[in-house]
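**Student:** sharing a model prediction with you, sequence too.
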Amino acid sequence: MNLILISSLFTIVFSGNIEQTVLRGIPTSLLPKYTLAKTFLCLDGSSTIPFEFVNDDYCDCRDGSDEPGTSACPNGRFFCENKGYIGTIIPSHFVGDGVCDCCDGTDEYETKIVCNNTCFELAQKTRAEREARRALHAAGVAKKLEIISKSVLIKSDREARLRELEEGLQKVEDELKGKEELKQQAEAPENEAKDKHQKLWEEQRAVREAIARDNQMHEMFAELDANNDSLVSIEELQKHTELDSDHENEFTVEEVRLILGADSVNFDEFNVTVFDQISNSYKKLSEQSSETPVDHADVAATTEAQLDQIQAEADEETSAGEDEYEHEEEQHDITTPVATSLEHEKHIHDDTVPEYDDETKKLIQLADHARNEYNEVEGRVQDIKRQIDDLKRQSDVDTGPHGEYSAFIDQCYDYEEREYTYRICMFKDAKQISKGGGSDVTIGYWEGWTGPENNKYLKMKYANGATCWNGPARSLTVTFQCGTEHKPIDVREPTRCEYSMIFETPSACDERIATATMHQEHEEF
Ligand code: MAN
């Protein structure tokens, strides 16, 4: 009833200039408020005015609602009908300002400005843009549907593979347990044999060192005891000026006596109190001058009895494994006659552990084999675990309600900018790579989807990147828009260390836009 009344009023109004002026600039939806009556109630309800005050170029209502078609009210709003296009509302002070604001030119009805009606062209342009957008979304949606159907397959494949791997893992872990037992069984005798070998070696070395020390001492004593009275006297030792600790002055009798602890020492006293004091600095006289060298055969004869004694002691200590010991003795020539000091030195410092005996070698070989088998199976266990972790990580990623974003899994994309390459590895991290060299800067680690409540998958965020000097930790927000390929199309840093990326992808294309018909769009015009 009301609508009929409005439409008939509208017809009346448009039949004459006065009426046309009265209802100018009023949006269709508000026309019922402007019924041709005696009075007009300002739209904010603040006052009632005679109807002839509407559009009389004088502002009466506080909200400017009495002057929609003139520029009288600073806060008035003028409705451009824009037939064939979209009706728009402009501030009413644009009316009659000499600038064409409405595509139908109605805002300049009372000026001399000629406004061409551009509504048709605008409608055509907008329609073309909408059609291009629709076509883009349609192409994108086709790709998105492919991604979704692939994602369903990938998901079920992944689940099947996960089950398979988990079952396999159980079996391989059982196998590993078996291999571990075998390894332990093989390593126990191996370690025992190696320990035995090591112990023998250390004992032999200790014996060798003792013999060497003894030889050296006998040799030294024999050389010092120049008159062969089985004593080393002050005069005999005094010849060895290299033993003088202050070097500068004479090697005095007092200094020598201090070393000997007496006027002379026999071999036992020499052994207990003198040898260790002088052995490091002592030099044979023959090495210092061209005196007759010491007769080593004599030295050997003198010390032979003592060596036998040391050897006997060592034999006692190594009662276990005597066979091997004898074998080693042969190998290392421990019982050979006294060698020169130089040779003894060589023996003392010869720290190379001798080769293992055949039995130990065999045990090592068996243990190596058991270890290799264990390591091989352990490698397989680790490999399966890694695969399981990867698959679980992939299934945990939120790829959208239908898996639209599943094509992003484990994918990285680059955006080249003048100074940097920005690399985003989806659901993982984002980097800023300087083209001038230097190390990459992480600008964020995957945090989650951060679009608005009604469109959560519109944006994603990467946070907690490298901290800026005196600033925040870097972060990146990615905004998705429909495109036929997956690619970043823009990266900016609108606020220091806060980056934003626009990323095109079919996954962001919208079925509703893709299927909007031209008819629906007409209705919007
Ligand atoms: C580097 C880059 C820039 C950032 C500054 C902050 O130069 O990571 O993007 O703004 O550091 O100091």
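**Tutor:** Received it, and whenever you're ready, just let me know what you need. Numbering: from 1, shown residues only.
**Student:** the ligand contacts on the stretch 301-450 of the chain?
**Tutor:** When proximity is defined by Cβ under 6 Å from any ligand atom, the stretch 301-450 of the chain lies next to the ligand at 432, 441. Quick note: C-beta positions are derived from backbone N, CA and C, even for glycine.
**Student:** tell me which helix or strand the nearest residue to residue 113 once chain neighbours are set aside sits in.
**Tutor:** Setting aside the residues directly before and after it, residue 113 is nearest to residue 98 in space (Cβ to Cβ, 6 or more residues apart in numbering), at 5.4 Å. Here residue 98, judged by DSSP states H and E, is contained in no helix and no strand.
**Student:** what pLDDT does residue 98 get?
**Tutor:** Looking at residue 98, its pLDDT is 94.
**Student:** please report how far it lies from the ligand.
**Tutor:** 47 Å (Cβ to the nearest ligand atom, to the nearest Å).
**Student:** next, count neighbours for that residue.
**Tutor:** 9 (other Cβ atoms under 10 Å).
**Student:** contact partners for it?
**Tutor:** Each residue near residue 98 by Cβ atoms under 8 Å, 6 or more residues apart in numbering is listed here: 108, 111, 113.
**Student:** how far does the helix or strand where residue 444 lies sit from its chain's centre?
**Tutor:** Taking DSSP H and E as the criterion, residue 444 maps to strand 441-449. Taking Cα atoms, centre = their mean, to the nearest Å, the mean C-alpha location of strand 441-449 is offset from the chain mean by 11 Å.
**Student:** partner strands of the next helix or strand after it, with direction?
**Tutor:** Going down the chain from strand 441-449, the next helix or strand is strand 459-463, by DSSP H and E. Using DSSP bridges, the strands paired with strand 459-463 are strand 441-449 (antiparallel), strand 475-482 (antiparallel).
**Student:** low pLDDT regions in this structure?
**Tutor:** Per-residue confidence for the chain (pLDDT under 70) gives these ranges: 1-21, 289-350, 518-525.
**Student:** and it, which residues reach the ligand?
**Tutor:** 432, 441, 468-469, 493, 496-497.
**Student:** how about 8 Å then?
**Tutor:** 420, 432, 434, 441, 443, 466, 468-471, 474, 493, 496-497, 499 (Cβ under 8 Å from any ligand atom).
**Student:** give me the PyMOL select line for the residues you listed, limited to the buried ones.
**Tutor:** Here is the PyMOL command that picks out the buried ones among these, judged by 16 or more other Cβ atoms under 10 Å:
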select buried, resi 420+432+441+443+466+474+493+497+499
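**Student:** can you tell me which of the residues of the chain next to the ligand are in strands?
**Tutor:** 420, 432, 434, 441, 443, 493, 499 (DSSP state E).
**Student:** can I get those residues in JSON lines with distance to residue 22?
**Tutor:** Converted to JSON lines, those look like this (distance: Cβ to Cβ, whole Å):
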{"residue": "420", "distance to residue 22": "62"}
{"residue": "432", "distance to residue 22": "63"}
{"residue": "434", "distance to residue 22": "68"}
{"residue": "441", "distance to residue 22": "66"}
{"residue": "443", "distance to residue 22": "61"}
{"residue": "493", "distance to residue 22": "55"}
{"residue": "499", "distance to residue 22": "56"}
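**Student:** of these, which is the nearest to residue 158?
**Tutor:** For those, the residue nearest residue 158 by Cβ to Cβ is residue 443; the value is 29.8 Å.
**Student:** which ones are touching that closest one?
**Tutor:** 422, 430-432, 462, 465-466, 474-476, 497, 499.
**Student:** all strands for this protein, in order.
**Tutor:** Using DSSP E, strands in the chain cover 39-41, 48-50, 77-80, 88-91, 232-233, 264-265, 412-416, 420-425, 429-434, 441-449, 459-463, 475-482, 487-495, 498-505.
**Student:** partner strands of the first one and their direction?
**Tutor:** Each strand pairing with strand 39-41, determined using DSSP bridges, is listed with its direction: strand 48-50 (antiparallel).
**Student:** what segments of the chain are helices?
**Tutor:** For the chain, applying DSSP state H gives helices covering 2-14, 17-22, 119-224, 234-238, 253-260, 267-269, 275-278, 285-288, 296-317, 322-332, 341-349, 358-396, 511-514, 518-524.
**Student:** tell me which residue of the protein lies closest to the ligand.
**Tutor:** residue 468 (4.4 Å; Cβ to the nearest ligand atom).
**Student:** do I have it right that that residue meets residue 497?
**Tutor:** Yes - using Cβ atoms under 8 Å, residue 468 is in contact with residue 497, at 4.1 Å.
**Student:** now the common contact residues for those two.
**Tutor:** Joint contacts of residue 468 and residue 497 (Cβ under 8 Å, 6+ apart) are residue 474.
**Student:** how far is stretch 437-448 from where the chain is centred?
**Tutor:** In terms of Cα atoms, centre = their mean, the gap separating the centre of stretch 437-448 from the centre of its chain is 9 Å.
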